[in-house]
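Asks: For reference, the sequence and a predicted model appear below.
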Amino acid sequence: MSQSAPIVIRPSKGWVALKLRDLWEYRELIYFLVWRDLKVRYKQTALGVAWAVIQPAFITLAFSIFFGRLVGMPSDGLPYPLFAFSGLLVWQLFANGMANAANSLVANERLITKVYFPRLVVPLSATLSNLVDFFFGLAVLLGMAAYYGVTPSGALWAVPAVVLLALTAAAGASLWLSALNVEYRDVRFVVPFATQLWFFFTPVAYPSSLVPEKWRWLYGLNPMVGVVETFRWALFSGGAAPGPWLAVSVAATCAVFLGGLFYFRRMENTFADVV
């Protein structure tokens, strides 16, 4: 009986190939890690997945009182609560995915140091686990639209593409942050601050039309600008079709994601020693 040749695993050196095919081979591991994250997140909670809706709902209420009524913030022809909740929904898909994935390698220290698998699986599964929360929030958003008498637009076909773009942006940022967090543990303190600052540079509580024309090219470098504006447009045709915003967001997201992939692959051979 012939014996199969042994598999030798050697650390990579320099700028290496991405080997994305390994992700497909370990797709079951991604599924189980996503399922584990969901069970841990809502284990022994009184309200369970309702927390996925409660947080954006109360933030929307606060925004509606202070920005919608007191300030009179424009909302691109949509009722302000619907405007704010739609922006918060896709923003939290990005922000929560980035925050969870940034600390994912450190949180899975025992798994990384004992078992071989593509390390890309860890931050990507942490990002994907937020999709469940997003779908619960999307159901509430559509219910709000029915309450306000707003009919969904004919561009609903674009929603999956926008969601994929938001996940790609979150994954790209988290690849940089998770790799840096292994070596510099103070990254976990930077992430909440950076996320809050990033929020104010994203048109969640205000429309991007308020940004002066001369600064829009710089403002559009934020990948989430095109994501939020396109998400609202695809759902409710709120405002003009965000062609320029979307083009810049796609370019910025691709740059961050590809850069994060190469940096992550370059650094992953040291994770087990440093983490």
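Replies: Received it, and whenever you're ready, just let me know what you need. Residues are numbered from 1 along each chain as shown.
Asks: contacts, neighbours, all on C-alpha from now
Replies: Fine.
Asks: Now for the residue nearest to the spatial centre of the chain, which secondary structure element holds it?
Replies: When CA atoms, centre = their mean is applied to the chain, the residue found nearest the centroid is residue 94 (2.3 Å). Applying DSSP states H and E as the criterion places residue 94 in helix 80-102.
Asks: Can you name every helix or strand that that helix contacts?
Replies: With contacts taken as 3 or more CA pairs under 8 Å, 6 or more residues apart in numbering; DSSP states H and E, helix 80-102 sits against helix 51-63, helix 121-128, helix 131-148, helix 159-183, helix 187-200, helix 223-236.
Asks: Please point out which parts of the fifth one sit buried.
Replies: Buried residues in helix 187-200, counting neighbours by 16 or more other CA atoms under 10 Å, are found at 187-188, 191, 195, 199.
Asks: could you give the angle of it to helix 159-183?
Replies: Comparing the axes of helix 187-200 and helix 159-183 via axes from the mean of the first three to the mean of the last three CA atoms, to 10 degrees yields an angle of 150 degrees.
Asks: same question for whichever helix or strand comes after helix 187-200, mean pLDDT?
Replies: As assigned by DSSP H and E, the chain's next helix or strand after helix 187-200 is helix 216-219. For helix 216-219, mean pLDDT rounds to 82.
Asks: mind saving the C-alpha coords of helix 216-219 as PDB?
Replies: Output of helix 216-219 as PDB, limited to C-alpha atoms (Å, rounded to 0.1, in the frame of the first residue of the first chain):
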ATOM      1  CA  ARG A 216     -16.100  66.900  -2.500                       C
ATOM      2  CA  TRP A 217     -13.200  65.300  -4.300                       C
ATOM      3  CA  LEU A 218     -11.400  64.900  -1.000                       C
ATOM      4  CA  TYR A 219     -14.600  63.900   0.800                       C
END
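Asks: Need the contact partners of that helix.
Replies: 201, 211, 225 (CA atoms under 8 Å, 6 or more residues apart in numbering).
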